[in-house]
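Visitor: all I have is the shape, not the residue letters:
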């Protein structure tokens, strides 16, 4: 069996395991407490994680590439505030305000990417700096107050429904599908696996590592900006505190979804499953009225288990690869000896 | 191998959920929810204890939801979840007044009685607000200082500028003090930015620049420790020239400090009563009588005006200090 097929098999098993655990939690809690698998609750369940889910999509690309982006939470709140200021204080039309906001958020990703590439500092440090800086900016430009008074047309972006499904859920689904296909099949996006596996090898193979890296940080920030705009519409308010710590939830979703936090592996399907799992667990806590103080404990333990499993699979694949290489070398050596004897 | 591991995980999860199911019986009683920000904080633990205790007297059950950080959007989502769950009523403290508006309105529209406590969301359709009236609380603090110092009171104020709640407390304080001692004065106001270390720095500077100050009034929960440190920095923590510190907190270190005589007094809000009153208002709204509420048809009667739960000015030897030092059972 080729290493590619083995990898695919282990990834599939991981997804099946995650789906099984999610279903067991959902069905188990529904049978025990009721209410979890009702239509109204399922909508709330998805809406509860949808903004973190959109951020997790961008985070997946960054993590596969071997990076990390801690700034998404403050970009999220920044987008809320900027779109509110442009629309309510500057009086710009909705479309212009939204587009300008998303462009500005993309520029923050550009700044992250350029700093990471130019300074060669670990992305954790650069994006932590952006997180803290933007959090301060968010507080300073709002004086700690919220901004509200959006037009109804804008509120549709967060509160509107198409075919009974909330617009942010549509956005999440379509973005995951389109970007998931791009990640699986498009050459440009496939390069991030190469970079995440070995940046040095990717560079020697002619991959424009810097350009790809910067692009992924732009994508990540842009998606966080989109989530922020929709959140402002959903809550009808922009506030500096919104989305606090959502960067950790986004990272957790990616890791639970099976991506290697050190880079080189992961898929958007895995991330979507990770998002659904976290949403189900959170909702199960509300439905069951178990003390919410335990919620973070369960999340943390699941994250640790996912990372351990991911590292275990990665180490096993590595061993199998080494073993296959050794067998090939032995075979070559035997053939070589045989030809010499002849 | 992976499949085996997956099966094991699934088995554990099933056992886990079944165990939980038997441990926490299906909610047949009336069930009410409380939503807070800074979940786990001592203040909101007291509020939830009151909510839960009041519910227990009529056989109702309760749950506490909300984020552990200051994220009002997460609170909004928690309200949505409780509505979907079908609780009989929701008490929410608004981490941000405007952010909760949509969720509270949706809850009311769904027929779930919803009110705010401690922090209000006045633009929403909530039934009423239950909490401390900041002006009245400040007034009580001003009266207490004037009774202790009389016309000699020279007050320095540690505050965060621009917040309505603090402005109201300060105005109440000035009015309350003037009502008892017309010669008492607020000499200086400093911005502590809600930070303990900053509070020490700015209060030290204030005492150095205004040596006539004999009381520091802390208008919110954070600066008291910094203000006390400032009195030590200028050598005025004891003796005839002592600067009294009036705190605004029921946190254990402050209460112990009051008991030890380090602090002059503390303004104690009553989160437990907020919880108790919140439950009774929700219970009343959830049990319509012969005539529906005039403002919320289909629901029972609750007052439409805000309900002030008041404050107590706690000083050394006050029996309430020992009560507050005993953590509530959740």
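Guide: Cool, the structure landed. Only a predicted model underlies this, so the values are computations on that prediction, with no experimental measurement involved.
Visitor: going forward, measure contacts between C-alpha atoms and count neighbours the same way
Guide: OK.
Visitor: chain neighbours aside, what residue packs nearest to residue A:226?
Guide: Excluding the flanking residues, the one nearest residue A:226 by CA to CA, 6 or more residues apart in numbering or on different chains is residue A:102, at 6.3 Å.
Visitor: chain neighbours aside, what residue packs nearest to the closest residue to chain A within the stretch 201-330 of chain B?
Guide: Relative to chain A, the nearest point of the stretch 201-330 of chain B is residue B:330 (9.5 Å; CA to the nearest CA). Counting by CA to CA, 6+ apart, residue B:49 is the residue found nearest to residue B:330 once chain neighbours are left out, at 5.7 Å.
Visitor: pull the distance from whatever helix or strand the residue nearest to residue A:226 lives in to the chain's centre.
Guide: Secondary structure assignment for residue A:102, by DSSP states H and E: helix A:94-119. Distance of helix A:94-119 from the chain centroid (CA atoms, centre = their mean, to the nearest Å) equals 17 Å.
Visitor: in that helix, what counts as buried?
Guide: A:94, A:97-98, A:100-117 (16 or more other CA atoms under 10 Å in any protein chain shown).
Visitor: cool, and stretch A:237-256?
Guide: Across stretch A:237-256, burial judged by 16+ other CA under 10 Å covers A:237-256.
Visitor: could you tell me the end-to-end distance of it?
Guide: 31 Å (CA to CA, to the nearest Å).
Visitor: residues contacting residue A:92?
Guide: Residue A:92 is in contact with residue A:86, counting by CA atoms under 8 Å, 6 or more residues apart in numbering or on different chains.
Visitor: about what we covered before: go through the buried residues of stretch A:237-256 and flag which are in strands.
Guide: The members of those that map onto strands under DSSP state E are A:237-238.
Visitor: burial count for residue 69?
Guide: Since no chain was named, I'll use chain A. Residue A:69 is flanked by 30 other residues according to other CA atoms under 10 Å in any protein chain shown.
Visitor: I was after chain B.
Guide: 19.
Visitor: please look at it and residue B:39 and confirm they touch.
Guide: Yes. Here residue B:69 reaches residue B:39: they are 7.1 Å apart, a contact under CA atoms under 8 Å.
Visitor: quick check, central residue of the chain?
Guide: Since you didn't name a chain, this refers to chain A. The centroid of chain A falls nearest to residue A:56 when counting by CA atoms, centre = their mean (1.8 Å).
Visitor: that was the other one, I meant chain B.
Guide: Short answer for chain B (CA atoms, centre = their mean): residue B:118, at 5.0 Å.
Visitor: not counting stretch B:183-191 itself, show me its contacts.
Guide: By CA under 8 Å, 6+ apart, stretch B:183-191 touches B:146, B:150-161, B:174, B:177-178, B:199, B:202-203, B:206, B:210, B:213.
Visitor: kindly recompute the last result at 10 Å.
Guide: Identification of contacts with stretch B:183-191 by CA atoms under 10 Å, 6 or more residues apart in numbering or on different chains yields B:142, B:145-146, B:149-161, B:170, B:173-174, B:177-178, B:198-199, B:202-203, B:205-207, B:209-210, B:212-217, B:223.
Visitor: fine, thanks again, bye for now.
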